[in-house]
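S.K.: Following is a predicted model, sequence given first.
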Amino acid sequence: MTQTAEALSTNAQAEIVEALNQSVAETAVTTMLAQNFHWNVTGMAFGPLHALFQEIYEDHFQAQDDLAERVKALDGHAEGMLAGMLKRSKVGEHDGHASDQEMIAAMKAAQETLAATLAGAGELAANHGDTLTEDLCIARGQTHEKFAWMLRAHLA
């Protein structure tokens, strides 16, 4: 049965908000990671990687907003502090001193982490009947899996 945000129990809302804030944190850290790599990539693949990293950070910047707005729709508090996001995120920062292949591998791992986090958040939402959050998580997870595939193609 599909439930509106208002129909969810307080416990269900809190669990979903926590999962979404995890997703926001990892998306924010990955956004900055992509922008860092966009700024610092060098080598023969500079052009396509510069463009791909930009595509990723632009996508992720919008995704942060979509996820955080869903948190607010569930009457939660959206984590907005970078320190809190870094502490929570399973994706780590990078100083940008890396080869293009190392950047690709790090970004691929970040995309895979995000896809897994969103799959878990979507499953949690589904278990509580929150199809709107589930759909958002599925769509975002598919995007991250596509980016991971595109990055893996550069590593072949």
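M.R.: Arrived safely.
S.K.: and residue 119, what element?
M.R.: helix 100-127 (DSSP states H and E).
S.K.: And the helices in the chain?
M.R.: Remark: helices assigned in the chain by DSSP state H are 10-40, 46-73, 82-88, 100-127, 131-155.
S.K.: Can you redo those helices as TSV, where the extra columns are mean neighbour count and mean pLDDT?
M.R.: Using the backbone N, CA and C atoms, a C-beta is placed for each residue, glycine as well. TSV is the format used below for those (neighbours: other Cβ atoms under 10 Å; pLDDT from 0 to 100):
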stretch	mean neighbour count	mean pLDDT
helix 10-40	21	97
helix 46-73	17	98
helix 82-88	14	95
helix 100-127	20	98
helix 131-155	18	97
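S.K.: Redo those as JSON lines? Include distance to residue 94.
M.R.: Listed next are the helices of the chain as JSON lines, based on distance: least, Cβ to Cβ, whole Å:
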{"stretch": "helix 10-40", "distance to residue 94": "6"}
{"stretch": "helix 46-73", "distance to residue 94": "12"}
{"stretch": "helix 82-88", "distance to residue 94": "12"}
{"stretch": "helix 100-127", "distance to residue 94": "6"}
{"stretch": "helix 131-155", "distance to residue 94": "14"}
